[in-house]
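A.B. asks: Okay, structure incoming, though there's no sequence with it:
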């Protein structure tokens with residue numbers, strides 16, 4: 001690395017950097033010469049990420065003492081480096097019908113996907129004000145378009161978009177930038193964790209709930225798996241995030257992936273009922289796929305019950321993952 005690189009004198013904090021897009025973003029920024037404080041939750045993740053320019057830090061954004069500790073690390077940096085950017089990337093994914101999600105799960109998702117980002121931003125805002133730095137909030141197309149079974153996830157992302165807009169208008173005069181990244185399908189580990197979380201929730205659904213929502217949730221799952229096959233690589237997404245975090249005059253929003261770009265545009269111009277219809281039409285081929293998979297001789301784990309609901313566990317994972 002070039003010793004004259006001015007970015008070596010600047011810090012960047014990245015949350016949710018254990019794997020996937022967060023880890024790719026940490027590596028991309030380190031390659032650009034920044035010193036990255038990469039938030040991870042396990043020592044094993046810290047060791048796999050540690051390299052020149054990346055300093056792993058144990059960080060659970062829902063734990064107050066961890067948030068205070070990272071803010072103190074920035075404030076007491078031994079080289080007195082300014083904080084160039086905070087990238088709020090940590091998140092969890094969960095998609096299931098509204099009535100089937102226990103209140104504890106709603107609160108857990110909002111705690112991670114919204115309140116944890118608020119806590120991190122509040123803790124590091126003094127440093128960002130001193131450096132005229134940038135806050136990058138990782139949202140998704142789910143923060144603009146709420147598909148069926150997306151209530152908890154989209155609710156938190158819609159809120160994050162609003163919080164970002166409000167904060168941007170509060171701190172612009174002080175030189176602090178606030179950017180939202182709206183993700184489409186990104187090929188990372190969070191998708192599989194989302195499937196696992198959904199399977200856990202589906203196991204507690206009542207027969208009546210399966211009757212109402214089984215086919216829908218199976219179609220959503222099939223659609224998501226289809227989208228993930230052509231999703232953006234984490235490394236490509238990381239380059240966009242790094243650009244947003246380091247630009248002197250970044251855009252207020254960046255869409256990553258063709259599905260995100262299309263979804264954001266549709267919601268701007270289409271009446272709600274028309275958008276509802278388009279989303280239903282988009283799911284239709286996946287209902288057919290489910291029927292084919294459940295035909296005699298199929299070894300699929302998803303089967304259609306006599307009343308139209310799925311009689312086995314189905315995965316509820318969303319259109320968007322990181």
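C.D. replies: Looks like it arrived, so ask away. On a predicted model such as this, the values are computed, not experimentally measured, just so you know.
A.B. asks: Please make it C-alpha for all contacts and neighbour counts, starting now.
C.D. replies: OK.
A.B. asks: List the contacts of residue 157.
C.D. replies: Counting by CA atoms under 8 Å, 6 or more residues apart in numbering, residue 157 makes contact with 113-114, 139-140, 142-143.
A.B. asks: whoops, residue 159 was the one
C.D. replies: 114, 143.
A.B. asks: so for stretch 247-255, what's the average pLDDT?
C.D. replies: Averaged across stretch 247-255, pLDDT comes to 96.
A.B. asks: What ranges does the stretch 201-322 of the chain have for its helices?
C.D. replies: Counting by DSSP state H, counting those that start in this stretch, the stretch 201-322 of the chain has helices at residues 207-229, 234-246, 258-269, 272-293.
A.B. asks: helices or strands up against the longest one?
C.D. replies: Judged by 3 or more CA pairs under 8 Å, 6 or more residues apart in numbering; DSSP states H and E, helix 207-229 is in contact with strand 186-187, helix 272-293.
A.B. asks: Would you mind finding the most buried of the ones you listed?
C.D. replies: strand 186-187 (a mean of 25; mean count of other CA atoms under 10 Å).
A.B. asks: can you pull out the helices in the stretch 51-200 of the chain?
C.D. replies: Under the criterion DSSP H, counting those that start in this stretch, the stretch 51-200 of the chain contains helices at 64-75, 103-110, 116-131, 151-171, 190-202.
A.B. asks: give me the low-pLDDT residue ranges for this structure?
C.D. replies: For the chain, applying pLDDT under 70 flags the ranges 1-8, 188-199, 288-322.
A.B. asks: Apply 90 and report the result again.
C.D. replies: Within the chain, the stretches with pLDDT under 90 are 1-9, 93-95, 141-142, 145, 183-205, 214-232, 257-269, 279, 282-322.
A.B. asks: quick revisit: among the helices of the stretch 201-322 of the chain, which is nearest residue 54?
C.D. replies: Comparing the helices of the stretch 201-322 of the chain against residue 54 with CA to CA, the closest turns out to be helix 234-246 (14.3 Å).
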